[in-house]
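**Q** here are the coordinates; sequence isn't available:
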């Protein structure tokens, strides 16, 4: 009998469609596809309103991941790809999005997406992605004023957390809550490289340190690494976090404590979205921004609709 292989890193893939919008009445239907190293998101906007999205694991190649992401976003609708006016690709695989007419950097897209999701008073965006972290300063329109990034190592990123989950054999969504089930904060993991961090974690497990304490030590190390980047940029409120690590309360709460600044609540700036219970997924900020930038290009006459139906 084959042994079951548990994938502790695996997180839930999700999609959703807005029941309040009749897309067939829309003037501008745009899409953004964010192909990251770990996850892929596709978002569809209709006349500037959030219509639907898909969020799933990135596969072995970017073009296929983009197709699967878009299919996932369209899955619960009767909309087809030919009904979309314009599509922007972004993220690690942005130049390999087959259905995109143009690509834009994820820095610009996360800035615009954060502005839409959290509101015009956002000034600092921390995108904690699968392979890198980006600290971004923006204005009230979601335009990038300055940014810094760290992409030298997987530590402090989504991929680093996935490796850690498999190493310690704890489902990735349990790591944040369990990291607070401790008597006192342990010293943080000292290694910044994920390869050396793995060795250190193995040593701590062998020394008898509890799983929860090791999770706390790892979350503290991730938070500290992110804070180093933020301090170089300088944090201005309103401060928000996008990307998958923003869902890990063990990292976020420790980051807030060390910074002395609370991150904005993860709720829609548009009150009607919150009231109607539209899902708020911090991983889709880049794809939302890409779609909105595509719509802006259409309205300014800098892009031409490719809608066929």
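**A** Okay, I see it. Bear in mind the structure is a predicted one, so any value in this text is a computation, not a measurement.

**Q** please make it C-alpha for all contacts and neighbour counts, starting now.
**A** Will do.

**Q** middle-most residue in the protein, spatially?
**A** By C-alpha atoms, centre = their mean, the mean C-alpha position of the chain lies nearest to residue 243, the distance being 2.2 Å.

**Q** tell me if I'm right that that one and residue 280 touch.
**A** No - using C-alpha atoms under 8 Å, residue 243 is not in contact with residue 280, being 12.0 Å away.

**Q** can you give me the distance of residue 36 to residue 56?
**A** 10 Å (C-alpha to C-alpha, to the nearest Å).

**Q** count the neighbours of residue 206 for me.
**A** 10 (other C-alpha atoms under 10 Å).

**Q** surely it is in a helix?
**A** Yes - Residue 206: assigned to a helix according to DSSP: H, G, I helix; E, B strand; the rest coil.

**Q** could you check the pLDDT of it?
**A** On the pLDDT scale, residue 206 is placed at 88.

**Q** what segments of the stretch 1-150 of the chain are strands?
**A** 14-17, 29-35, 39-46, 49-57, 86-90, 102-103, 124-128, 133-138, 144-150 (DSSP state E, counting those that start in this stretch).

**Q** I'd like those as TSV, with mean pLDDT and mean neighbour count appended.
**A** As requested, these are exported to TSV (pLDDT from 0 to 100; neighbours: other C-alpha atoms under 10 Å):
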stretch	mean pLDDT	mean neighbour count
strand 14-17	97	18
strand 29-35	98	33
strand 39-46	97	28
strand 49-57	97	23
strand 86-90	98	30
strand 102-103	98	19
strand 124-128	94	28
strand 133-138	94	25
strand 144-150	93	16
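
**Q** go through the ones you listed and name the closest to residue 208.
**A** strand 124-128 (30.9 Å; C-alpha to C-alpha).

**Q** direction included, what does the closest one pair up with?
**A** Partners of strand 124-128 in the sheet, by DSSP bridges, are strand 133-138 (antiparallel), strand 239-242 (parallel).

**Q** quick check: nearest residue in space to residue 188, chain neighbours excluded?
**A** Spatially, and ignoring its direct neighbours in sequence, residue 188 is nearest to residue 217 (4.1 Å; C-alpha to C-alpha, 6 or more residues apart in numbering).

**Q** what number of residues lie near the one you found?
**A** By other C-alpha under 10 Å, neighbour count at residue 217 equals 20.

**Q** ok, it to residue 52 distance?
**A** With C-alpha to C-alpha as the criterion, residue 217 and residue 52 are 37 Å apart.

**Q** check residue 104 too.
**A** 20 Å.

**Q** next: residue 173.
**A** To residue 52, residue 173 is 24 Å away according to C-alpha to C-alpha.

**Q** and if you look at residue 11?
**A** 20 Å.

**Q** one more: residue 301?
**A** Counting by C-alpha to C-alpha, the gap from residue 301 to residue 52 is 25 Å.

**Q** go on, residue 88?
**A** Residue 88 is 15 Å from residue 52, by C-alpha to C-alpha.

**Q** same check on residue 229?
**A** 33 Å.

**Q** same question for residue 148.
**A** Applying C-alpha to C-alpha to residue 148 and residue 52 gives a distance of 30 Å.
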